[in-house]
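Visitor: Kindly generate the corresponding structure for this input.
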Amino acid sequence: MRRFKYIVLLSVIFVGFQNCSPYHATDTNQTTSLSLSADQTLQKSSLSILSARCAVCHDQVSMGGVTNILDVMHLINSGLVTPGDSSKGRLILSIQENKMPQGSMMAAGELQTLKDWVASMQLK
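Guide: So this is what the prediction gives:
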């Protein structure tokens, strides 16, 4: 019986912390009152790239603490992109370091499209 209680306690702890990640922003609503402008052609192309190359693992399912990869404001609020500066933010960095997408390398043209899109972003 004691062993059963121990297993249940560990299960509760595990389930409670399974979606925790050091990469989550402390205030995920920090920019919700702001509006975003970006080059719409680049945004459409970039979201298509993210949909094809990233959303399988990072859409509604939490892989590595990253979800909602197709939600632009979530990308900003979680620190994955920094509007106006493609050299900051974990999304571009992970791709440049060939950490993502796992199992394949993103084409240079796709990466450049993502960088140009992030650089075109402006919060108002």
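Visitor: CA atoms for contacts and neighbours, from now on please.
Guide: OK.
Visitor: Do I have it right that Met121 meets Asp39?
Guide: Yes - at 7.2 Å, Met121 and Asp39 qualify as touching, with contact defined as CA atoms under 8 Å.
Visitor: Who has more neighbours out of the two?
Guide: Using other CA atoms under 10 Å as the criterion, Met121 and Asp39 rank with Met121 on top: 21 against 14.
Visitor: separation between that one and Gly103?
Guide: Between Met121 and Gly103 the computed distance is 29 Å (CA to CA, to the nearest Å).
Visitor: Kindly report the same for Ile49.
Guide: From Ile49 to Gly103 the distance is 16 Å (CA to CA).
Visitor: neighbour count winner among the two?
Guide: Taking other CA under 10 Å, Ile49 and Gly103 do not tie; Ile49 has more neighbours (18 against 8).
Visitor: Does that one fall in a helix, a strand, or a coil region?
Guide: Classification of Ile49 by DSSP: H, G, I helix; E, B strand; the rest coil places it in helix.
Visitor: now it, nearest residue through space, not along the chain?
Guide: Once flanking residues are discounted, Ile49 sits nearest to Glu110: 6.9 Å by CA to CA, 6 or more residues apart in numbering.
Visitor: The one you found belongs to a helix?
Guide: Yes - Glu110 forms part of a helix when assessed by three-state DSSP.
Visitor: Tell me how many other residues crowd it.
Guide: For Glu110, using other CA under 10 Å, the count is 16.
Visitor: repeat for the one 5 residues further on
Guide: The criterion is other CA under 10 Å. On that basis, Lys115 has 20 neighbouring residues.
Visitor: Tell me how far it lies from Thr41.
Guide: From Lys115 to Thr41 the distance is 13 Å (CA to CA).
Visitor: again, but for Leu114
Guide: From Leu114 to Thr41 the distance is 11 Å (CA to CA).
Visitor: Who has more neighbours out of the two?
Guide: Using other CA under 10 Å, the more surrounded residue of Leu114 and Thr41 is Leu114, with 24 against 10.
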